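Asks: curious how this folds, go ahead:
(chains A, B, C and D)
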Protein chains: 2
Amino acid sequence: MTQNSNAALFLEKKLLGSLPGLSIDCVIFGYKNHELFILLLQWKHDNMWSLPGGFIHKDEDMDKAAYRVLKERTGLDSIFLSQFHTFGNRDRIGKEHENSLKKRQLLLKELYKNQPKIIEWLNKRFITTGYFALVDINQTNPKPDFMTIQCAWQSIKSIPSTIMDHREIIEKALQQLRIQLNYLPVGLSLLPTKFTMQDLQKLYEAILQKKLERSNFQRKMLKLDVLVRHEKQMTGAANKAPYLYSFNQEKYDLLLKKGIGLSF
Amino acid sequence: MTQNSNAALFLEKKLLGSLPGLSIDCVIFGYKNHELFILLLQWKHDNMWSLPGGFIHKDEDMDKAAYRVLKERTGLDSIFLSQFHTFGNRDRIGKEHENSLKKRQLLLKELYKNQPKIIEWLNKRFITTGYFALVDINQTNPKPDFMTIQCAWQSIKSIPSTIMDHREIIEKALQQLRIQLNYLPVGLSLLPTKFTMQDLQKLYEAILQKKLERSNFQRKMLKLDVLVRHEKQMTGAANKAPYLYSFNQEKYDLLLKKGIGLSF
DNA sequence: AATTTATTATGTTAATTTGACACAATAATA
DNA sequence: TATTATTGTGTCAAATTAACATAATAAATT
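Replies: Below you'll find the model as predicted:
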């Protein structure tokens, strides 16, 4: 129980110093093996999965809070992060299975039985603002905290059961990622510094969820004049080795400001 | 003072029944004389202008609240409305000139001197979610309420002094309008049912803030296969009269779903 | 009634972009 | 040395674009 008491103490300070009724949830995108992944947490009380989230301190900018939450979960700062939607449906908590909702409420009552303020704080209706992050999956080392069993990258093709409306939040993030594609640094943020043209193409295919023609994709990308070609990469495969590329960050940033203008 | 008391009573019920620390602000776009306009309110206490805004009832979906606010101000329902950003900077209230902030606080204290709960409620830090609306300016009949002197359409080329960070909110709305242009029903929602090709072109020019070539614009628009041509319109001017067009709504909606895909 | 004026509808053309496919180059394997 | 899979580059017809040209026309002017 000591561990629980410590945890309770920690949470009390954190919660009562935050804005009530408001939270932040992060959809953290990574890219590996030509697939898009999202970083999710699995909770102790019911094994359900959730987005890494948190609260806004009373004297903290909301965007800063999002960066802090992200840092707490991935250890990374200076990540690309962008707000995409705020979810304010009255019944958004009710989209969860009743079973796990009850379990969590019991857990909370047990944990805070002598702290009605916290119980009250947590039982409120919450409105949450969604941010999406674009990270180089190899640079992350996510770790679970005391409320969660594990913290794992899940393919967007097989998202496990989530709490509340987190599934919906993920879908909206994906949709916004597609709509804003020409204004987001997906290439620079999701790929390692050096990458092949195939990596870049498969990334676009994963986001747009459609196949693109190889040679035409290469032509379009090179004409943007933001890629730098490096030495070839010997893959070990029985075929011609591909060149490596990286972004000229200045040119890329300039291009993003007015929109890449690609249409597929 | 009776009027003020009634107003205070009305507000008390409204405020204490709403979620604390959260508000909604609407950037209502209209289009007239080939220019974009925004509907703004001018306040009694300091003559500053603000976006029409409101609060979320405790049992109300946030999107519903936005529709309600809009209805209260314009009398219109079934308007195109879309959330675009949530503003959560710690000092967003501080962006206003200190002078008018003090004036408003004095006004509130006078109005609610026996209602500390309301004073407390209103003095909180607020986070606001911005929605933009696209309306046919001719269908609206905006009226000020008891807190405001007037309610007027202002050209985006000359926005008057606003309270708090409302100027910033307007800029962000315009930016999002541009980025999402290919996914928004700007033509259908901002124009009257029947319009000329010039109307449509000037609308795009107002949003994109650049000139477009007339004959090429016409060709691109017609090829989308969403416009219906009607009889000609005799303008009274000494020149050839233009055709009128309207949207085939079904086709237009279908097109919007996957994005119009126009690039200028 | 003929002429002028401003604006619209439509046409033309060269340059550019696109989609679809072809083919040679090449790193490892058989 | 031949085979294999994948890459870099080329080709080419079709589509699209930007820029400009021309004809149509509603009202005003003469």
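Asks: pLDDT wise, what is the closest residue to residue A:195 other than its chain neighbours at?
Replies: Nearest-residue entry for residue A:195: residue A:245, 6.1 Å, with adjacent residues in sequence omitted and distances by CB to CB, 6 or more residues apart in numbering or on different chains. Every C-beta, even on glycine, is put in place using the N, C-alpha and C of the backbone. pLDDT for residue A:245: 97.
Asks: cool, residue A:105 as well?
Replies: We note a pLDDT of 73 for residue A:105 in this prediction.
Asks: quick check: residue A:80 touching residue A:180?
Replies: No - using CB atoms under 8 Å, residue A:80 is not in contact with residue A:180; the gap is 11.9 Å.
Asks: interface residues of the stretch 101-250 of chain A facing DNA strand D?
Replies: Neighbours of DNA strand D within the stretch 101-250 of chain A, by CB under 7 Å from any atom of the strand: A:196-198, A:214-215, A:218, A:232, A:237-243.
Asks: burial measure for the residue nearest to residue A:195, as a count.
Replies: Residues near residue A:245, counting by other CB atoms under 10 Å in any protein chain shown, number 21.
Asks: hey, what's it bridged with?
Replies: residue A:195, residue A:229 (DSSP bridges).
Asks: what sits against it?
Replies: Neighbouring residues of residue A:245 by CB atoms under 8 Å, 6 or more residues apart in numbering or on different chains: A:194, A:195, A:196, A:197, A:200, A:227, A:228, A:229, A:230.
Asks: put the buried members of these into a ChimeraX selection.
Replies: Entered in ChimeraX, the line below selects the buried ones among the contacts of residue A:245, by 16 or more other CB atoms under 10 Å in any protein chain shown:
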select /A:195,196,197,200,227
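Asks: nearest to residue B:205, of the contacts of residue A:245?
Replies: Nearest to residue B:205 among the contacts of residue A:245: residue A:227, at 33.2 Å, using CB to CB.
Asks: how far away is residue A:92 from chain B?
Replies: According to CB to the nearest CB, to the nearest Å, residue A:92 and chain B sit 9 Å apart.
Asks: surely that residue and residue A:164 touch.
Replies: Yes - counting by CB under 8 Å, residue A:164 is a contact partner of residue A:92 at 6.0 Å.
Asks: break down chain A into its strands, ranges please.
Replies: Applying DSSP state E to chain A gives strands spanning A:22-32, A:35-43, A:49-50, A:53-54, A:80-87, A:127-134, A:148-155, A:227-232, A:243-247.
Asks: may I have the fifth one as CSV, with CA atoms only?
Replies: Translated: strand A:80-87. Extracted C-alpha coordinates of strand A:80-87, given in CSV (Å, rounded to 0.1, in the frame of the first residue of the first chain):
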residue,chain,number,x,y,z
PHE,A,80,6.9,18.1,-34.2
LEU,A,81,3.6,18.5,-32.4
SER,A,82,0.4,20.0,-33.7
GLN,A,83,-3.1,20.4,-32.2
PHE,A,84,-5.8,18.9,-34.5
HIS,A,85,-9.2,18.8,-32.7
THR,A,86,-11.0,19.2,-29.4
PHE,A,87,-13.4,16.5,-28.4
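Asks: coming back round to it: which members of the residues of the stretch 101-250 of chain A next to DNA strand D are classed as buried?
Replies: So, by 16+ other CB under 10 Å, the buried ones in those are A:196, A:197, A:218, A:242.
Asks: write out the residues of the stretch 1-150 of chain A neighbouring chain B.
Replies: Applying CB under 8 Å from any CB of the partner chain, we find that the stretch 1-150 of chain A lies next to chain B at A:19-22, A:56, A:58-63, A:65, A:83, A:85-90, A:125, A:127, A:129.
Asks: again, 10 Å this time
Replies: Proximity of the stretch 1-150 of chain A to chain B, by CB under 10 Å from any CB of the partner chain, involves residues A:19-22, A:24, A:56-66, A:83-92, A:124-127, A:129-130.
Asks: and the helices in the stretch 1-150 of chain A?
Replies: Taking DSSP state H, counting those that start in this stretch, the helices of the stretch 1-150 of chain A run over residues A:2-16, A:62-74, A:98-111, A:116-123.
Asks: for DNA strand C, find the nearest of these.
Replies: Closest approach to DNA strand C among the helices of the stretch 1-150 of chain A (CB to the nearest atom of the strand): helix A:62-74, 34.0 Å.
Asks: relative to strand A:22-32, how tilted is that closest one?
Replies: Counting by axes from the mean of the first three to the mean of the last three CA atoms, to 10 degrees, helix A:62-74 points 50 degrees away from the direction of strand A:22-32.
Asks: which of the residues of the stretch 101-250 of chain A next to DNA strand D lies closest to chain B?
Replies: residue A:218 (20.5 Å; CB to the nearest CB).
Asks: the closest one touches residue A:201, doesn't it?
Replies: Yes - with contact defined as CB atoms under 10 Å, residue A:218 reaches residue A:201; the gap is 7.8 Å.
Asks: mutual contacts of these two, please.
Replies: Here residue A:218 and residue A:201 have residue A:212 as joint contacts, going by CB atoms under 10 Å, 6 or more residues apart in numbering or on different chains.
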